[in-house]
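Engineer: Using only what follows, build the 3D model:
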Amino acid sequence: IPIVMPASAADPVATGLVASFANPGGNITGLSALTAGLAGKRLEMLRGILPNLERVSVFWNPTSPTYCPVLVELKAVAPALGVQIQLVEVRVPDDFPRAFDEATRGRAEAMLVPGDPLTTNRPARVAELALQARLPTMMEFRQFVLAGGLLSYGVNLVDLYRRAAGYVDKILKGAHPANLPLQEPELFDFAINLTTAQALGLAIPDPIL
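Structural biologist: Model prediction:
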């Protein structure tokens, strides 16, 4: 049965879903959401908004294949930015409040929440807890900012799903997924909720705006 991924959060090659982007080789094809590939950029943006940032907590779900590549990228970028990464474990939604409490007790100055279904399906809950903890938080998709979160930087999901329809069309006309190269995103969203920034007492620097 052919499978089309509209927005794969985990690296499809590293997780063994496909052989390569150019030649998937099996019954799966589609598009990547570049969850790991943009993690370093998200940390840089947080640093740009919080010039004295030294400590960032990061959601960590050891049961999800999404997180390891994200952490590898963050740990590679963090030293150059003078930032220390702290992991707070989350496995189920009920872990979210404890994660923010742990981050606060660990004197984190900001929070990064990588994208996977556990978190991206609950943007309003993450936004609510971030504001309660008064912790500047960045997620992947603009839905988080629309729900009251501070920052988001990531792919445009509507564009990815629209492009996924092209794969379905080709497969229904006889193409095989093994021969349809995976694609990467072309459109990206960077969003700031200025109301939330004001509530947190943050002034967004002009270069970021």
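Engineer: Sketch out the low-pLDDT regions of the chain for me.
Structural biologist: Confidence mapping of the chain against pLDDT under 70 gives zero matching residues.
Engineer: Helices along that one, start to end?
Structural biologist: Ranges of helices in the chain, per DSSP state H, are 39-49, 67-81, 96-105, 117-120, 123-133, 143-146, 157-172, 194-199.
Engineer: Compare these and give me the one nearest Ala7.
Structural biologist: For the helices of the chain, the distance to Ala7 is smallest for helix 157-172, at 4.5 Å, taking CB to CB. In short, each C-beta sits where N, CA and C put it, glycine included.
Engineer: Give me the helices and strands touching that closest one, please.
Structural biologist: Based on contacts counted as 3 or more CB pairs under 8 Å, 6 or more residues apart in numbering; DSSP states H and E, the elements that helix 157-172 packs against are strand 3-8, strand 28-32.
Engineer: If we go by neighbour counts, what in that helix is buried?
Structural biologist: Of the residues in helix 157-172, those with enough neighbours to count as buried (16 or more other CB atoms under 10 Å) are Leu157, Asp159, Leu160, Arg163, Ala164, Tyr167, Lys170, Ile171.
Engineer: Next: stretch 179-194.
Structural biologist: Within stretch 179-194, the residues that qualify as buried by neighbour count (16+ other CB under 10 Å) are Leu180, Leu182, Gln183, Pro185, Asp189, Ala191, Ile192, Asn193.
Engineer: mind listing what the fifth one touches?
Structural biologist: With CB atoms under 8 Å, 6 or more residues apart in numbering as the criterion, the residues that contact Asp189 are Phe141, Arg142, Ser152, Tyr153, Gly154, Val155, Asn156.
Engineer: Against Asp169, how distant is the residue lying closest to Glu186 once chain neighbours are set aside?
Structural biologist: Ranked by CB to CB, 6 or more residues apart in numbering and with sequence neighbours excluded, the top spatial neighbour of Glu186 is Asp159, at 6.8 Å. Counting by CB to CB, to the nearest Å, the gap between Asp159 and Asp169 amounts to 16 Å.
Engineer: swap in Pro2?
Structural biologist: 12 Å.
Engineer: Same question for Leu43.
Structural biologist: When distances are taken as CB to CB, Leu43 and Asp169 turn out to be 38 Å apart.
Engineer: can you pull the contacts of the closest residue to Glu89 other than its chain neighbours?
Structural biologist: With sequence-adjacent residues excluded and distances taken as CB to CB, 6+ apart, Glu89 is closest to Trp60, at 5.2 Å. Contacts for Trp60 were tallied using CB under 8 Å, 6+ apart; they are Tyr67, Leu71, Leu87, Val88, Glu89, Val90.
Engineer: Please pick the buried ones from these.
Structural biologist: Among those, those buried by neighbour count (16+ other CB under 10 Å) are Tyr67, Leu71, Leu87, Val88, Val90.
Engineer: want to throw the residues you listed into a markdown table with distance to Gly106?
Structural biologist: Putting the buried ones among the contacts of Trp60 into a markdown table (distance: CB to CB, whole Å) gives the following:
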| residue | distance to Gly106 |
| --- | --- |
| Tyr67 | 18 |
| Leu71 | 16 |
| Leu87 | 10 |
| Val88 | 8 |
| Val90 | 15 |
